[in-house]
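J.: The following block contains a protein sequence and its predicted model.
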Amino acid sequence: MDKKLIEQKIAVFLLGACIAITFFLLIAVIGHILQKGLGQISVEFLLEEPRDMGREGGIFPTIVGTIYLVVISLIISVPIGVLSAIYLTEYTRKGPILKAIRFATESLAGIPSIIFGLFGFTFFVIFLKLGWSVLSGSLTLAFMMLPTIVRASEEAIKSVPDAYRLGSFALGATKWQTIRKVVLPTALPGIITGIILGIGRAVGETAPVILTMGSALRIPWTIMQPARTMSVHLYILASEGISMEKAYGTATVLIIVVIFINFLANFVMRKMISV
């Protein structure tokens with residue numbers, strides 16, 4: 001048998017094995033959580049407030065706190081991230097400044113989340129005197145989401161063929177009109193992917209949220225009040241041994257929410273591509 005054919009078969013086998021291992025680990029983790037937590041899911045669990053530090057009752061305040069945190073973080077980070085990506089891809093030239101900006105963005109993506117938490121606690125909570133609040137947590141997570149959104153949006157915009165731009169210019173469109181009506185609609189699926197990755201990071205963070213948003217077990221009526229997200233609630237229930245049953249139930253809701261967001265985003269992207 002030809003040596004190159006043997007190497008190709010070995011490579012295909014190794015790639016298939018890696019995919020199988022990844023899929024198995026994913027199913028094992030999700031299956032374990034769902035097996036332990038689905039029995040806890042009920043209308044009361046989703047709509048009641050927790051009692052006795054979370055041993056009884058539901059998780060409704062944590063659901064509200066998570067929604068507040070994600071929505072406000074997106075409102076802050078998405079415009080900044082997408083506009084930054086547009087500037088880096090469409091308005092800058094290759095040079096030391098562009099390299100420095102990209103190096104800073106990549107370095108920001110690699111900073112541990114606890115460092116962001118310490119920064120948010122020092123700057124937003126103490127220096128700006130915002131206190132432990134939804135706003136402080138949202139600003140901190142917006143900083144964490146920015147590198148992901150910028151890099152994903154930048155790659156999506158760069159993947160748009162130059163022929164689209166040249167055709168738009170040939171029809172008399174300005175650069176901004178070309179970006180707004182040609183480049184961005186074409187790059188939108190990739191941009192949405194970056195936003196989804198940012199949402200996944202925001203939903204799952206605990207350390208920076210505890211340091212900036214607090215862990216108050218009540219419904220936040222304004223963004224200046226402290227609150228608790230589902231991930232923080234899960235961490236506290238499990239780490240302090242309050243109730244592993246409620247912790248598994250919270251984890252199950254969290255997984256279902258993340259899966260739903262991913263399916264919804266994929267559905268929207270397929271519809272956009274098919275239009």
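T.: Received it, and whenever you're ready, just let me know what you need.
J.: got the residue ranges for the helices in the stretch 51-200 of the chain?
T.: 60-86, 96-109, 113-120, 134-158, 162-170, 175-178, 184-204 (DSSP state H, counting those that start in this stretch).
J.: which residues touch Ser73?
T.: Contact analysis of Ser73 by Cβ atoms under 8 Å, 6 or more residues apart in numbering lists Ser138, Leu141, Ala142, Met145, Gly198, Ala202. Every C-beta, even on glycine, is put in place using the N, C-alpha and C of the backbone.
J.: The residues you listed: which two are farthest apart?
T.: Within the contacts of Ser73, Ser138 and Gly198 form the most distant pair, 12.4 Å apart (Cβ to Cβ).
J.: re earlier: for the contacts of Ser73, which one is nearest Leu34?
T.: Distances from Leu34 to the contacts of Ser73, taken by Cβ to Cβ, are shortest for Ala202, at 22.6 Å.
J.: nearest residue to the closest one other than its sequence neighbours?
T.: Leu141 (4.7 Å; Cβ to Cβ, 6 or more residues apart in numbering).
J.: Would you agree the one you found is in contact with Glu205?
T.: Yes: if you go by Cβ atoms under 8 Å, Leu141 and Glu205 touch, sitting 6.4 Å apart.
J.: who's more crowded, the two?
T.: The neighbour count for Leu141 versus Glu205, taken as other Cβ atoms under 10 Å, is higher for Leu141 (32 against 25).
J.: which strands and helices sit next to the helix or strand harbouring Gly31?
T.: Counting by DSSP states H and E, the element that carries Gly31 is helix 3-37. Applying 3 or more Cβ pairs under 8 Å, 6 or more residues apart in numbering; DSSP states H and E, one finds that helix 3-37 makes contact with helix 244-274.
J.: Helix 60-86 and the helix it packs on, what's the angle between them?
T.: Here helix 244-274 runs at 40 degrees with respect to helix 60-86, directions being taken by axes from the mean of the first three to the mean of the last three Cα atoms, to 10 degrees.
J.: what is the orientation angle of helix 244-274 with helix 184-204?
T.: Using the same axes, to 10 degrees, helix 244-274 lies at 180 degrees relative to helix 184-204.
J.: Helix 244-274: how far from the chain's middle?
T.: Centre-to-centre, helix 244-274 and its host chain are 12 Å apart (Cα atoms, centre = their mean, to the nearest Å).
J.: what does stretch 203-211 give?
T.: On Cα atoms, centre = their mean, the centre of stretch 203-211 falls 12 Å from the chain's centre.
J.: Dump it to CSV, keeping only the CA atoms.
T.: Extracted as CSV, the C-alpha positions of stretch 203-211 are listed here (Å, rounded to 0.1, in the frame of the first residue of the first chain):
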residue,chain,number,x,y,z
VAL,A,203,-23.2,33.2,31.8
GLY,A,204,-20.6,30.9,33.2
GLU,A,205,-18.4,33.3,35.2
THR,A,206,-18.4,33.3,39.0
ALA,A,207,-15.3,34.9,40.5
PRO,A,208,-15.5,38.4,38.7
VAL,A,209,-19.3,38.4,39.3
ILE,A,210,-19.0,37.8,43.1
LEU,A,211,-16.4,40.5,43.4
